[in-house]
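>>> The sequence and its predicted three-dimensional model are supplied below.
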Amino acid sequence: MVNIVFETEKNRAAAYDGQQNIGESTISKSASLWIIDHTLVDEGYGGQGIAGRLVAEIVNQARIAGVKIIPLCPFAKREFEKKIEYADVLAK
């Protein structure tokens, strides 16, 4: 089972299969804005929705922190275009 964890100290949401890191979505932070700059999942885990879960975890954490997001990485940008439920954290 793949677990998604938000790692504040590493500025990322990470995916783990047991103890093995198999993916991440990284952010750059300021006080009121987070930029999703990179999302990557190991090839062997592709097609399982893990990248989407990584972005969703960052969105959830942004809501808790009260910050907006710029989805700079192409995958995150597509997720924000597809999911209207992310509009509340999208930086205008």
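That came through, no problem.
>>> Go through stretch 12-31 and flag the buried ones.
12, 13, 14, 15, 22, 23, 24, 25, 26, 27 (16 or more other Cβ atoms under 10 Å). The C-beta positions use only the backbone N, C-alpha and C, and glycine is treated the same way.
>>> then that stretch to CSV, C-alphas only?
What follows is stretch 12-31, C-alpha atoms only, in CSV (Å, rounded to 0.1, in the frame of the first residue of the first chain):
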residue,chain,number,x,y,z
ARG,A,12,7.1,18.2,-0.3
ALA,A,13,4.4,15.6,-0.3
ALA,A,14,6.0,12.2,-0.6
ALA,A,15,4.8,8.8,-1.6
TYR,A,16,6.1,5.7,0.2
ASP,A,17,5.7,2.0,-0.5
GLY,A,18,6.8,0.7,2.9
GLN,A,19,10.0,2.5,3.6
GLN,A,20,10.8,3.2,0.0
ASN,A,21,10.2,6.7,-1.4
ILE,A,22,8.5,6.2,-4.8
GLY,A,23,7.4,9.7,-5.6
GLU,A,24,7.1,13.4,-4.6
SER,A,25,5.6,16.7,-5.4
THR,A,26,7.8,19.6,-4.3
ILE,A,27,6.9,23.1,-3.3
SER,A,28,8.6,26.5,-2.9
LYS,A,29,7.1,28.5,-0.1
SER,A,30,6.6,32.0,1.0
ALA,A,31,4.4,33.3,3.8
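>>> Let me see the ranges of the strands in this protein.
Remark: strands assigned in the chain by DSSP state E are 2-7, 12-17, 20-29, 33-41, 68-71.
>>> Out of these, flag the one nearest residue 80.
Smallest distance to residue 80 across the strands of the chain (Cβ to Cβ): 4.5 Å, for strand 68-71.
>>> between the buried residues of stretch 12-31, which is nearest residue 37?
Looking across the buried residues of stretch 12-31 and measuring by Cβ to Cβ, the closest to residue 37 is residue 26, at 5.7 Å.
>>> Neighbours of residue 64, how many?
Look at residue 64: counted by other Cβ atoms under 10 Å, it has 8 neighbours.
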